[in-house]
Every structure is written in structure tokens, then in C-alpha cells.
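Participant: how would this look folded up:
(one chain, ligands or ions: 2)
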Amino acid sequence: MNHLYPIFLKVHELNILLIGGGNVGTEKLEFLLKSSPKAQVTAVSREFSQSFIDLAETTDTVTMIEDVYHEKYLGAKHIVIAATDDKAVNRQIQDEAKERFLLVNVADTPDLCDFYLGGIVTKGNLKVAISTNGKSPTAAKRLRQLLEDVLPEELDDLLDNLNAYRETLKGDFEYKVKAMNEITEGLVKKSS
Ligand SMILES: C[C@@]1(CC(=O)O)c2cc3[nH]c(cc4nc(cc5[nH]c(cc(n2)[C@H]1CCC(=O)O)[C@@](C)(CC(=O)O)[C@@H]5CCC(=O)O)C(CC(=O)O)=C4CCC(=O)O)c(CCC(=O)O)c3CC(=O)O
Ligand SMILES: NC(=O)C1=CN([C@@H]2O[C@H](COP(=O)(O)OP(=O)(O)OC[C@H]3O[C@@H](n4cnc5c(N)ncnc54)[C@H](O)[C@@H]3O)[C@@H](O)[C@H]2O)C=CC1
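Facilitator: Ligands and ions are numbered 1, 2, ... in the order given. Sure, this is the predicted structure:
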């Protein structure tokens, strides 16, 4: 069964705690910033790899703290990502985050995750998130690459135009639904 429910988070307005500044921490930060360049991230790690530091220094919204994990770092956070190479520490982070009802991702243990990070395609205002329910992150990556390639850049112009048209509609909700459905009908019509 696939029980996942995707949501689109405004991570520039949420405080993220990322623990572990090695390979996986760097990968998570890279995709976070690619999608949300102003993501508010506090990174705590015993040591940070050079690539993590280089990436973190590309923005002023990432703070690095060189320290081992302590539960005090969970304070004033909304979301926690545990990416250390120590399973016991990752487990402890998950336990202590859950006590505070925080949303937590544990990079090495899908069963302990409240949410997964997905493959993400951005074309202006359009954002597509991809998950394989944890079955194959590589397949999520490949699908991301495929969609990045095939979805045209012009999609964003289309969304702008539809938004401008939507703003001109004066009627009630029902009228707007009908008008928007009519003007977008061609998008899903199969040509015979
Ligand atoms: C469950 C999840 C939890 C989470 O991290 O959120 C998770 C877990 C694990 N990943 C592992 C390995 C790899 N992960 C990647 C890549 C990505 N992983 C991502 C997400 C997720 N990875 C979540 C599920 C997403 C879904 O539902 O599909 C992506 C999509 C997004 C992102 O990272 O932001 C990003 C691609 C981004 C892009 O390119 O667009 C690659 C490929 C590569 O790097 O080229 C490999 C190596 C090949 C392999 O092993 O498959 C391992 C084994 C570790 C080990 O064996 O030691 C675990 C742990 C386990 O499965 O037990
Ligand atoms: N979800 C995913 O996409 C993937 C997950 N993994 C898993 O992620 C884990 C991490 O792997 P890597 O990043 O390659 O390891 P790494 O050795 O490159 O990095 C681990 C980082 O954690 C830090 N650390 C260790 N103990 C700590 C503590 N107590 N407090 C604070 N920081 C601490 C280290 O200083 C280091 O910076 C592994 O268990 C691996 O199996 C691996 C590949 C992909």
C-alpha cells in the first residue's frame, strides 16, 4: 500500500535541523537548496565535509554548528533530518524529535521517517514531486531527470496566462470552475 500524502512546504519560513554534514547530509542540503534556495537550515555535525561547507556558504540561510547532536538543538525547529552515519544516534534523534511532535526524516532508515524527500522537478511555478514509496530512490532520480527534460519551459508562461485569465473572471465559484475547465480542456484532449 502507498499511504504517502505529498505536501508542498514553504521551507523558507520553516526551521529545519539537519544533523550530519557528510555525503548524505550534503546531498540532502543540495536538493533542499536546489528547490528552495532560501530554506532555513541549521546544520549540526561533529565535522563537516568540504563539499558541505562549500554548499552551505552559497547562502546566508544555512548555519553550521560543529558539535555532536544534543536534543537542545531540536528547540524551535519544525522539521528534522537525521543524516549521521551512526544508527544509534539517528534513532535517538528520531525518538527525541517524536517526543516533541516534530516531523522527522532518518536518511538510513525509511521505517523511522515521517516523510521522505523526493525527486523534484521545477519549471517556474510548476513543481512536481516524485516518490517511489522508498522502493527505489534511483528510479525517483531517473524520473526527475526525464521530466526535467520533457516538460517544456513554456509551461510557466501557460500558468501565468491562466492566472491572468482567472483574475478577470467576475462570477461565483461555480462560474469560475466552469470557465477554467473550458479554457484548459485542450490540455487533456487526445488528438485523433
Ligand atoms: C526513503 C528515502 C529517505 C530520504 O532520504 O528521504 C531514501 C532512503 C535511502 N536512499 C538510499 C540510497 C540512495 N539515494 C539516492 C538518491 C536520492 N534519495 C532520495 C530520497 C530517498 N532516499 C527517500 C525515498 C524517496 C522515494 O520515495 O523514492 C532522493 C529522491 C531525494 C533526496 O535525496 O533529496 C535522491 C535522488 C534525488 C534526485 O536526483 O533527484 C541514491 C542515488 C544517487 O544518489 O544517485 C542512492 C544510491 C542507490 C540506492 O541505494 O538506491 C538508501 C540506501 C543507503 C545505503 O544502502 O547505505 C536509503 C535508505 C534505505 O533505503 O534503507
Ligand atoms: N537517504 C539517502 O539518500 C542515503 C542514506 N545513506 C545512509 O546515510 C548514512 C550517512 O552516510 P554518509 O553521509 O555517507 O556518512 P559520512 O561519514 O559521510 O557522514 C556522516 C556525518 O555524520 C557526522 N556525525 C556522526 N556522528 C555524529 C553525532 N553524534 N552528532 C553529529 N554528527 C555526527 C559525521 O561527523 C559526518 O559528518 C549512512 O548510514 C548511509 O547508510 C546513504 C546513501 C543515501
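
Participant: surely Asp114 meets Phe101?
Facilitator: No - at 10.0 Å, Asp114 does not count as touching Phe101 under the criterion of C-beta atoms under 8 Å. Bear in mind the C-beta positions are built from the backbone N, C-alpha and C, glycine included.

Participant: look at those two and report which has more neighbours.
Facilitator: Asp114 (15 against 8; other C-beta atoms under 10 Å).

Participant: next one: the more buried one from ligand 2, what distance?
Facilitator: 14 Å (C-beta to the nearest ligand atom, to the nearest Å).

Participant: residues in contact with the closest residue to that residue other than its chain neighbours?
Facilitator: The shortest distance from Asp114 to any non-neighbouring residue, by C-beta to C-beta, 6 or more residues apart in numbering, is to Leu103 (4.7 Å). By C-beta atoms under 8 Å, 6 or more residues apart in numbering, the contact list for Leu103 reads His78, Ile79, Val80, Ala97, Asp114, Phe115.

Participant: narrow these to those that are buried.
Facilitator: Under a neighbour-count criterion of 16 or more other C-beta atoms under 10 Å, the subset of the contacts of Leu103 counted as buried comprises Ile79, Val80, Ala97, Phe115.

Participant: contacts only, for the last one.
Facilitator: Right, the one you point to is Phe115. Residues near Phe115 by C-beta under 8 Å, 6+ apart: Leu4, Leu103, Asn105.

Participant: quick one: the second one from Asp85, how far?
Facilitator: Pointing back at Leu103 there. Distance of Leu103 to Asp85, computed by C-beta to C-beta, to the nearest Å: 22 Å.

Participant: and the first one, by the same measure?
Facilitator: Relative to Asp85, Leu4 is positioned 26 Å away (criterion: C-beta to C-beta).

Participant: ok, Lys28 next?
Facilitator: Shown here: Lys28 relative to Asp85, a distance of 13 Å by C-beta to C-beta.

Participant: read off the pLDDT value for Leu159.
Facilitator: Reported pLDDT at Leu159 in the predicted model: 95.

Participant: and this protein, what are its domains?
Facilitator: According to automatic domain parsing, the chain comprises the domains 15-117, 118-151, 160-187.

Participant: output the longest strand belonging to the chain as CSV - backbone C-alpha positions only.
Facilitator: Selection of the longest strand in the chain by residue count, based on DSSP state E, yields strand 40-48. The C-alpha atoms that make up strand 40-48 are tabulated as CSV, following Å, rounded to 0.1, in the frame of the first residue of the first chain:
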residue,chain,number,x,y,z
GLN,A,40,16.2,28.0,6.7
VAL,A,41,18.6,25.2,7.8
THR,A,42,20.6,24.8,11.0
ALA,A,43,23.2,22.0,10.4
VAL,A,44,24.8,20.3,13.3
SER,A,45,27.7,17.8,12.7
ARG,A,46,30.7,16.5,14.5
GLU,A,47,32.6,17.6,11.4
PHE,A,48,31.5,19.0,8.0
